[in-house]
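S.K.: this one's structure only:
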């Protein structure tokens, strides 16, 4: 998928029964030119204030930071998918309305190993203490639709 001619998602192949397989193309989203970053920032600053910006960190962190700051300056709500968690900065976390890390990303953001509901709650409280109003720690899908950590 692209927005203003900019690749924004990891390519994937849809499989039968709504399963998907993600193909990793290392650094596929790393090559942002200045003009593309400027165009993205302009698009965000011109977006309706009722818009919601959703971002992940599979693009260069400075692009995410610029996008988050542009959205925040317009009062646009921000939802962060902190993937990969090691790239996420606290300044952006403080500006978001919601964040949805998986267990590994939660550990990168909080230092708390998410192994069960109790540790997931502890990680969520730690992120909420950084100023995030809505935190959702996601689990892994296991066989037969059961969720686990």
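M.R.: Now that the structure is in, tell me what you want to look at. Since the model is a prediction, treat every value here as computed from it, not as a measurement.
S.K.: can we go C-alpha only for contacts and neighbour counts from here?
M.R.: Fine.
S.K.: wait, what's in contact with the spatially most central residue of the chain?
M.R.: Residue closest to the mean C-alpha point of the chain, counted by C-alpha atoms, centre = their mean, is residue 81 at 1.8 Å. Contacts for residue 81 were tallied using C-alpha atoms under 8 Å, 6 or more residues apart in numbering; they are 54-57, 99-101.
S.K.: now distance to residue 76 too, for these, in CSV please.
M.R.: Conversion of those to CSV gives the following (distance: C-alpha to C-alpha, whole Å):
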residue, distance to residue 76
54, 10
55, 13
56, 16
57, 19
99, 15
100, 18
101, 21
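S.K.: circling back: where does the residue nearest to the centre of the chain fall, phi/psi-wise?
M.R.: Geometry field for residue 81 lists phi and psi as phi -100, psi 100, criterion degrees, to the nearest 10.
S.K.: bridging residues for it?
M.R.: For residue 81, the beta-bridge assignment (DSSP bridges) gives partners residue 56.
S.K.: pLDDT at it, what is it?
M.R.: Model confidence at residue 81, expressed as pLDDT, equals 94.
S.K.: can you check residue 5 too?
M.R.: With respect to pLDDT, residue 5 scores 42.
S.K.: find the nearest non-adjacent residue to residue 73, please.
M.R.: Nearest in space to residue 73, with sequence neighbours left out and distances taken as C-alpha to C-alpha, 6 or more residues apart in numbering, is residue 45 at 7.9 Å.
S.K.: next, the contact list for that neighbour, please.
M.R.: Going by C-alpha under 8 Å, 6+ apart, residue 45 touches 70-71, 73-74.
S.K.: against residue 38, how distant is it?
M.R.: When C-alpha to C-alpha, to the nearest Å is applied, the distance between residue 45 and residue 38 equals 11 Å.
S.K.: quick one: the strands in this protein?
M.R.: If you assign secondary structure with DSSP state E, the strands in the chain sit at 2-3, 6-7, 12-15, 19-22, 52-56, 77-81, 98-99, 134-135, 140-141, 147-148.
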